[in-house]
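**Q** Turn this into a model:
(2 chains)
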Amino acid sequence: MLLGTALAFSAVLFTLGVFGVLIRRNVIVIFMCVELMLNAVNLAFVAFARMHGNLSGQVIAFFVMVVAAAEVVVGLAILMAIFRTRKSASVDDANLLKY
Amino acid sequence: MILRFFWIFGVIAMGSALLCITRKNPVSSALWLVVTLFALAALFVLLDAQFIAVLQVLVYAGAIMVLFLFVIMLLNLGRPGPSDIKGPLGLSVAVVLGAALLFLLQPLTRTTLPSAITLPPGSVLALQEQQGIVGSVANPLFGAYLIPFEIASVLLLAAIVGAVVLAKRKL
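**A** Down below sits the predicted model:
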């Protein structure tokens, strides 16, 4: 019962994250939506860990957090580098592979 | 009782996630995302993952969101301006794709685990009673998952170096 509810919440949060990525142009908000998706997957991992009765799922959730932290740091650094040349945080303005 | 609290925090998480993706101002988006992350931490506690819940508050709601707000303020993105939400065409494409994804994920909610691969209910609680809440996660982390753990530390080092290289004007 709890597993089905947790997976339903996880699916809805993941969909909201995808939806946010699709409707927004601001890079910062798109990053936040990616974080939302990673968190939704974490919820599914933790729910499965509880239902399986072993804690490997929680360990994987821990690794997902580590990777998310690394992703945010590098992503925001790239955003700052792009912002410096284009003076804009919109994804529509970042359409060239150089500068 | 647990299921009722689970629903309360789940609805808070989904509602604030919806507000997060629809607010025009990136600062309010970030603050609504903090609410989502806290509600998710509460869901983790209800799923017997207290250690992950504490990490969620420390790492996500603490460190990562501060980084987000810091960059928003550094780049001065909080000022009022035209909305960055896409027009009717982009919005309708997103609604169609989102509905399709939700439809594809919907069988997931009827998942039942075969009894051959599950331990009896309450075995997570028994393990936490026996090894402690942190110890029960630390044992597999430093045992079966030792090599991924070391690789994660190299990944973090690479991320630090990469961030300095990318964000610095001149090395």
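**Q** hey, let's count contacts and neighbours off CA atoms from now on
**A** OK.
**Q** Which secondary structure element is home to the closest residue to A:Gly17 other than its chain neighbours?
**A** Residue nearest to A:Gly17 in three dimensions, not counting chain neighbours: A:Cys33, with 4.6 Å by CA to CA, 6 or more residues apart in numbering or on different chains. A:Cys33 belongs to helix A:27-52 when assigned by DSSP states H and E.
**Q** how much does whichever helix or strand comes after that helix deviate in direction from helix A:27-52?
**A** Downstream of helix A:27-52, the next assigned helix or strand under DSSP H and E is helix A:56-86. With axes from the mean of the first three to the mean of the last three CA atoms, to 10 degrees applied, the angle from helix A:56-86 to helix A:27-52 works out at 180 degrees.
**Q** how about the strand or helix carrying B:Ala39: buried residues?
**A** If you go by DSSP H and E, B:Ala39 is part of helix B:26-46. Neighbour counts using 16 or more other CA atoms under 10 Å in any protein chain shown place B:26-46 of helix B:26-46 among the buried residues.
**Q** same thing with stretch B:86-98?
**A** Buried residues in stretch B:86-98 (16+ other CA under 10 Å): B:Leu91, B:Ala94, B:Leu97, B:Gly98.
**Q** Next up, the contacts around the first one.
**A** Translated: B:Leu91. A:Leu22, A:Ile23 (CA atoms under 8 Å, 6 or more residues apart in numbering or on different chains).
**Q** And the one 4 residues further on, by the same measure?
**A** Remark: with contacts taken as CA under 8 Å, 6+ apart, B:Val95 is in contact with A:Phe19.
**Q** Could you measure from it over to A:Met32?
**A** Distance, B:Val95 to A:Met32, by CA to CA, to the nearest Å: 19 Å.
**Q** I'd say A:Pro25 and B:Pro82 touch.
**A** Rather than Pro, residue A:25 is Arg. No - contact criterion CA atoms under 8 Å: A:Arg25 and B:Pro82 do not qualify, at 11.2 Å.
**Q** Of these two, which one has the most company?
**A** Higher neighbour count among A:Arg25 and B:Pro82: A:Arg25, with 19 against 8, using other CA atoms under 10 Å in any protein chain shown.
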